[in-house]
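Asker: this one's structure only:
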């Protein structure tokens, strides 16, 4: 199965992001491309 802690969820709905975090996923709220890039870099992911 899928390991939630090894998953990244990106969504523009805070409710969905909160749900993903509650399930143990890494999750970020999408607001715009520059912010998403910074969030990914913070997580060690280079887009």
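Answerer: Perfect, thanks for sending it. Note that the structure is predicted; figures quoted are calculated from it, not measured. Residues are numbered from 1 along each chain as shown.
Asker: Do I have it right that residue 14 meets residue 28?
Answerer: No: if you go by CB atoms under 8 Å, residue 14 and residue 28 don't touch, sitting 10.7 Å apart. No exception for glycine: its C-beta is placed from N, CA and C like everyone else's.
Asker: need the contact list for residue 31.
Answerer: Counting by CB atoms under 8 Å, 6 or more residues apart in numbering, residue 31 touches residue 12.
Asker: how close does it get to residue 1?
Answerer: For residue 31, the distance to residue 1 (CB to CB, to the nearest Å) stands at 31 Å.
Asker: next one: residue 41
Answerer: Distance from residue 41 to residue 1, by CB to CB: 28 Å.
Asker: the more surrounded of residue 14 and residue 28?
Answerer: More neighbours surround residue 28 than the other of residue 14 and residue 28, with 19 against 10 (other CB atoms under 10 Å).
Asker: Please confirm that that one is located within a helix.
Answerer: No: assessed with DSSP: H, G, I helix; E, B strand; the rest coil, residue 28 is strand; it does not lie in a helix.
Asker: If we ignore the residues flanking it in sequence, what's nearest it?
Answerer: Spatial nearest neighbour of residue 28, excluding adjacent residues (CB to CB, 6 or more residues apart in numbering): residue 39 at 4.3 Å.
Asker: center of the protein, which residue is that?
Answerer: The centroid of the chain falls nearest to residue 27 when counting by CA atoms, centre = their mean (2.5 Å).
Asker: Can you get me a residue count around the closest residue to residue 12 other than its chain neighbours?
Answerer: Excluding its sequence neighbours, the residue lying closest to residue 12 (CB to CB, 6+ apart) is residue 30, at 4.6 Å. Per other CB under 10 Å, the neighbour tally for residue 30 reads 13.
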